[in-house]
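S.K.: Turn this into a model:
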Amino acid sequence: MLNELHLLGKLIKLDECPLLMDYQPDENWDKTWQVMAGEWKMENGWLIGAERGNKGGILFSRESYDCDVIFTFTAKAVLPATRDVNAVFCAHWDQKIDYLGNAYVVGLNGWYEHKSGIERSPETGLRALTGAYTYTPGQEVRITTGIIGGHSFLYADDVFVAELIDPHFISGGHVGFSPYCTKLAIRDIQVRKAVYSPFEQSYEPEF
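M.R.: Numbering: from 1, shown residues only. All right, here's what the predicted structure looks like:
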């Protein structure tokens, strides 16, 4: 099980990050989560979210966190759905357009070409995407993501997928999920306050 996150210049030890939420879906799920868009329910121990339009169904934590967070959960695409295993953090709702406002969106098998990565919402062009990691639809995947000082990251089943440094980063906000024209199942959710140690890196001559 992943405990240490090695980022550019940072080392995060998860067991040293204070636990803010430890949640398993139950019949009172809507006391912890708020439906912002899409169709949501609890079924067989999973939060199930679906959105049929070409947009994101959004579920927010009712609590808004005023600190950097690490967000960990288990998810799977509900077959025949195959794409956009997405989550959000530092997320805010835009009342004017009644849709997701400032937020970071992370996902697997998204961006129309089964890419994985991180982007800032609303669309600013700031994103880090890769085709090197591909999620197998229908299988459970353990995702660890979050942000620390504008430095966001994404791991899937202990595999590093992407990191993104935003010089004008979003601070605070909700965590949640965003099935984009797809159907997802989510459980085993933890939120931690992100703390880190400097991680000095240097090269030694190799020739």
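S.K.: pLDDT weak spots in this protein?
M.R.: Across the chain, the ranges flagged by pLDDT under 70 are 1.
S.K.: if you set the cut-off to 90 instead, what comes out?
M.R.: In the predicted model of the chain, residues 1-3, 123-125, 134, 149, 199-202 satisfy pLDDT under 90.
S.K.: Would you mind finding the longest strand in it?
M.R.: When the chain is parsed with DSSP state E, its longest strand is strand 183-193.
S.K.: Sort out which residues of that strand are buried, please.
M.R.: Within strand 183-193, the residues scored as buried using 16 or more other CB atoms under 10 Å are 183, 184, 185, 186, 187, 188, 189, 190, 191, 192, 193. C-betas here are computed from N, CA, C, even on glycine.
S.K.: Distance check, residue 141 against residue 46.
M.R.: Relative to residue 46, residue 141 is positioned 13 Å away (CB to CB, to the nearest Å).
S.K.: For stretch 28-39, give me every contacting residue.
M.R.: 21, 23, 40, 42, 47, 49-51, 55-62, 93, 99-100, 176, 179 (CB atoms under 8 Å, 6 or more residues apart in numbering).
S.K.: 7 Å instead?
M.R.: Defining contact as CB atoms under 7 Å, 6 or more residues apart in numbering, one finds that stretch 28-39 is touched by 23, 42, 47, 49-51, 56-62, 93, 179.
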